[in-house]
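>>> Quick one, fold the following:
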Amino acid sequence: QVQLVESGGGLVQVGDSLRLSCASARAYFRNYIMAWFRQAPGKEREFVAAVSENGANTDYADSVKGRFAISRDNAKNTVSLQMNSLKPEDTAIYYCAVTSIWSLIHQTAWYDYWGQGTQVTVSS
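Residues are numbered from 1 along each chain as shown. This next block holds a predicted model:
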C-alpha cells in the first residue's frame, strides 16, 4: 500500500509563498500520476494540480494557474507544490493523492491513495 505523508503547511500572510511536500516510502510511487487537492471548510475537495509519472506533463486548476507549480523527484519519492502569491481563498487542507488515469485527474473518485493532509491558512 502506498503511504503518502504531506508536510509544509502553515499560517502565512497574503502574498506570501509556501512549499508543500508529499513523500512516499514506496518505490513504485514513480509509477503513478501525483496530484494535489484541497478542501476548505464546508466545501467539497477540489483539484489543484497534477504531474505525470515522469514529470513531463502538468495540469492546474484555473484558480492557481500562474501562482502554483507542481514538481516531482522520483529518485526521492517526493512531489512538491510551490505556492506563490497566496490568497485567503487558498486556505484549506491540502492533500496529495495518486492515480493512474490522466484523463480523470480532476475527479477525486479515481484516486487510489490519499495522504492525511496538511493545513494551509492564509491570513489577510
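>>> mind checking how far residue 119 is from residue 85?
In this view, residue 119 and residue 85 are 19 Å apart by Cβ to Cβ, to the nearest Å. No exception for glycine: its C-beta is placed from N, CA and C like everyone else's.
>>> again, but for residue 10
16 Å.
>>> strands paired with the worst-scoring helix or strand of the chain on mean pLDDT, and their directions?
Ranked by mean pLDDT, DSSP states H and E, the weakest helix or strand in the chain is strand 113-114, scoring a mean of 92. The strands beside strand 113-114 in its sheet (DSSP bridges) come out as strand 92-99 (antiparallel).
>>> roughly how far out does the partner strand sit from the chain middle?
Here the centre of strand 92-99 is set off from its chain's centre by 5 Å, with Cα atoms, centre = their mean, to the nearest Å.
>>> Equivalent analysis for stretch 48-61, please.
10 Å.
>>> Could you list the low-pLDDT ranges of this protein?
1-2 (pLDDT under 70).
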